[in-house]
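Participant: could you look at this predicted model? Sequence included:
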Amino acid sequence: MAYTTTHGRLAVLKVATLDISLSCKTSALEESADVHDTSGYGVANRTKAGGLIDGKFTASGTYDIGTVTGTPLALEGQRGNTLALILQATGAGTGKQQDVFSAVLAKFTKSVPVDEMVSWAAEFEITGPIVRTVQP
């Protein structure tokens, strides 16, 4: 079996149908689950059971002020709102995988350093399932 990789520069990120890929430099999809201790009296080793599935999504990049579909429109003022996200980690194209999910924008940060480009960062809490599909 061949080992196949892909480059991050091909990734596509859409927030509420707005493609913000050109202003995004990094993103991370974190999936987790509750783990409950089910150990009882008299055992020598702990036993565990899985619980609710959870997840977080973070993204950041350069602040795009040049278009009406850039990061200001997609993210600013959206804190607390549930947004639809599409992450195409291997790029856009028929047959490639994509992750489709809804997430609450928990935090939005705009950073304005004197000696660098203005940047942004967003933290999302996933609500509901992450649906992995193949792009049509």
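Facilitator: Nice, I can see it. Residues are numbered from 1 along each chain as shown.
Participant: use CA for all of it now, contacts and neighbours both
Facilitator: Noted.
Participant: show me the contacts for Met1.
Facilitator: Listed by C-alpha atoms under 8 Å, 6 or more residues apart in numbering, Met1 has no contact partners.
Participant: local confidence estimate at it?
Facilitator: At Met1, the model reports a pLDDT of 71.
Participant: I figured Ala103 hits Phe124, correct?
Facilitator: Yes. Here Ala103 lies in contact with Phe124, judged by C-alpha atoms under 8 Å, at a distance of 5.6 Å.
Participant: apart from its neighbours in sequence, what residue is nearest the residue nearest the centre of the chain?
Facilitator: The geometric centre of the chain, computed from its C-alpha atoms, lies nearest to Phe57 (C-alpha atoms, centre = their mean), at 3.1 Å. Nearest non-adjacent residue to Phe57, counting by C-alpha to C-alpha, 6 or more residues apart in numbering: Leu29, 4.6 Å away.
Participant: how about Lys107?
Facilitator: The shortest distance from Lys107 to any residue that is not its chain neighbour, by C-alpha to C-alpha, 6+ apart, is 5.1 Å, and that residue is Glu123.
Participant: that neighbour against Ala103, yeah?
Facilitator: No. Using C-alpha under 8 Å, Glu123 and Ala103 do not qualify as a contacting pair, with a distance of 9.3 Å.
Participant: neighbour count for these two, which is higher?
Facilitator: The neighbour count for Glu123 versus Ala103, taken as other C-alpha atoms under 10 Å, is higher for Ala103 (23 against 20).
Participant: which strand or helix spans that one?
Facilitator: According to DSSP states H and E, Ala103 maps onto strand 97-111.
Participant: repeat that for Leu73.
Facilitator: Element membership of Leu73 [criterion: DSSP H and E] is helix 71-75.
Participant: need the next SSE after the helix or strand bottoming out on mean pLDDT in the chain, C-terminal direction.
Facilitator: Taking mean pLDDT, DSSP states H and E as the measure, the helix or strand of the chain with the lowest value is helix 71-75, at a mean of 84. Along the chain past helix 71-75, the next helix or strand (assigned with DSSP H and E) turns out to be strand 82-88.
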